[in-house]
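**Q** Please work out how this folds:
(chains A and B)
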Amino acid sequence: MSAETEKLLEELVYQLKIASNDPSVWEIVVVDVDIPIVVKAKDKLTIVDSCESGKLIATSITATDKDAVIEFEIDNILMRTTPAKLYEDGLVGYNTAYLWLSRYDETENKYVVWFTPVPDRPYFSRLRIEVIPTVNALLTYSCYRYRRRKL
Amino acid sequence: MISSEKVNELLREAVKYTKILNLDPEYWRIETLIHDTPVSIPAGSSKELLDIRERGKVVLLYTLCNNKNTLLEVYIDNMLMRGTPSEIYKAGLVGYNPTTFWLSRFDETNNRYVVLYTPVPPKEYFGRVYIKLYAPKDSSVTFKYLAVRYKYVG
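**A** As a prediction, the model looks like this:
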């Protein structure tokens, strides 16, 4: 067998491992902060800022500020919104392509935003998720993603 | 017996198609079309949001308009989807679905109508995609939109 054939076979196996979520290629990275933290008005809370390759599985953000600015940068896509804007657009139930609210509670002052892409959303150069409250706010959050292991 | 050159050629093809399945950036680029500032269409007119001939995958289409009789037309290869917020509402498509248009908001008090198309898996196309909005004959429309797609760059 030639060296080129061997290299091509190795590349093919590697690509198939990528497609199969093989743990030799991917590791799951979890961020889960369930004890509320205080973020001051206009301060920035960074949930993830990664310049690696990966796949975003799910993110949730719970805030006590309905006008908190939530930013998702995934490679060259930027999604910027607030719980109030999502509510205005009626995004109050599950969807697989954009941010959505599982709770919008003005009485308890509790707003829960999710991003749950299906299939997992791949990124190759940048994943940045940030929250900037407009008032002092309590925040909890989680983010589940696959990170490509270095060869 | 198959030649080693032929084996390598087939392996190169296998690697290429596996990379295509993996959304490898060598073959795909994600593109966003966003119009956050409201645009108006006079009564009886139309506005093309997108008309492209390429290979790609539609991930998300979001439109917000102030007229429930605005006709939204999406053509993907030889599949045509058409509907107004009012018709989509009458069809009961008022929550998420992964196949066709759905409404996240149908608000006749505030004249706020949000139509989404969020196919799962992302809808592949190999020829032409266009997205067009038509204002009704008797009233104008103001709208915003967001479209996300993978564009094949291989």
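**Q** nearest residue to the residue of chain B found nearest chain A other than its sequence neighbours?
**A** Of all residues in chain B, B:Arg105 sits closest to chain A, at 3.0 Å by CB to the nearest CB. Every residue, glycine included, has its C-beta placed from N, CA and C. In this structure, B:Arg105 finds its nearest non-sequential neighbour in A:Gly90, 3.0 Å apart by CB to CB, 6 or more residues apart in numbering or on different chains.
**Q** got the buried residues for the helix or strand bottoming out on mean pLDDT in chain B?
**A** One helix or strand of chain B scores below all others by mean pLDDT, DSSP states H and E: strand B:28-41, with a mean of 91. Buried residues in strand B:28-41, defined by neighbour count with 16 or more other CB atoms under 10 Å in any protein chain shown: B:28-31, B:41.
**Q** What is that strand packed up against?
**A** If contacts are counted by 3 or more CB pairs under 8 Å, 6 or more residues apart in numbering or on different chains; DSSP states H and E, strand B:28-41 sits against strand A:77-81, strand B:46-53, strand B:141-152.
**Q** and of the ones you listed, who's closest to A:Leu16?
**A** strand B:141-152 (20.5 Å; CB to CB).
**Q** any idea of the angle the closest one forms with strand B:28-41?
**A** 170 degrees (axes from the mean of the first three to the mean of the last three CA atoms, to 10 degrees).
**Q** Do you have the strands of the chain handy? List them.
**A** With no chain named, the answer covers chain A. Taking DSSP state E to define them, one finds strands in chain A at A:26-39, A:45-50, A:54-63, A:69-74, A:77-81, A:100-105, A:110-115, A:121-123, A:127-132, A:137-148.
**Q** right idea, wrong chain: chain B
**A** Using DSSP E, strands in chain B cover B:28-41, B:46-53, B:56-65, B:71-76, B:79-83, B:102-107, B:112-117, B:123-125, B:128-134, B:141-152.
**Q** Centre of the chain to the first one, how far?
**A** The one in question is strand B:28-41. In terms of CA atoms, centre = their mean, to the nearest Å, the centre of strand B:28-41 is set 11 Å apart from its chain centre.
**Q** show me what contacts A:Ser2?
**A** For A:Ser2, the contacting residues are B:4, B:8, by CB atoms under 8 Å, 6 or more residues apart in numbering or on different chains.
**Q** Give me the distance between it and A:Val13.
**A** Counting by CB to CB, to the nearest Å, the separation of A:Ser2 from A:Val13 is 17 Å.
**Q** what's the distance between the closest residue to chain B within chain A and B:Thr99?
**A** At 3.0 Å from chain B, A:Gly90 is the closest residue in chain A, using CB to the nearest CB. A:Gly90 sits 19 Å away from B:Thr99 when distances are taken as CB to CB.
**Q** Looking at these two, which one has more neighbours?
**A** More neighbours surround A:Gly90 than the other of A:Gly90 and B:Thr99, with 21 against 12 (other CB atoms under 10 Å in any protein chain shown).
**Q** what does chain B put close to chain A?
**A** B:4, B:7-8, B:11-12, B:14-15, B:18-19, B:21-25, B:29-32, B:59-60, B:62, B:64, B:95-96, B:98, B:103-107, B:112, B:114, B:116, B:118, B:120-121, B:148 (CB under 8 Å from any CB of the partner chain).
**Q** again, 7 Å this time
**A** Residues of chain B lying close to chain A by CB under 7 Å from any CB of the partner chain are B:4, B:7-8, B:11-12, B:14-15, B:18-19, B:21-23, B:25, B:30, B:32, B:59-60, B:62, B:64, B:95-96, B:98, B:104-105, B:114, B:118, B:120-121, B:148.
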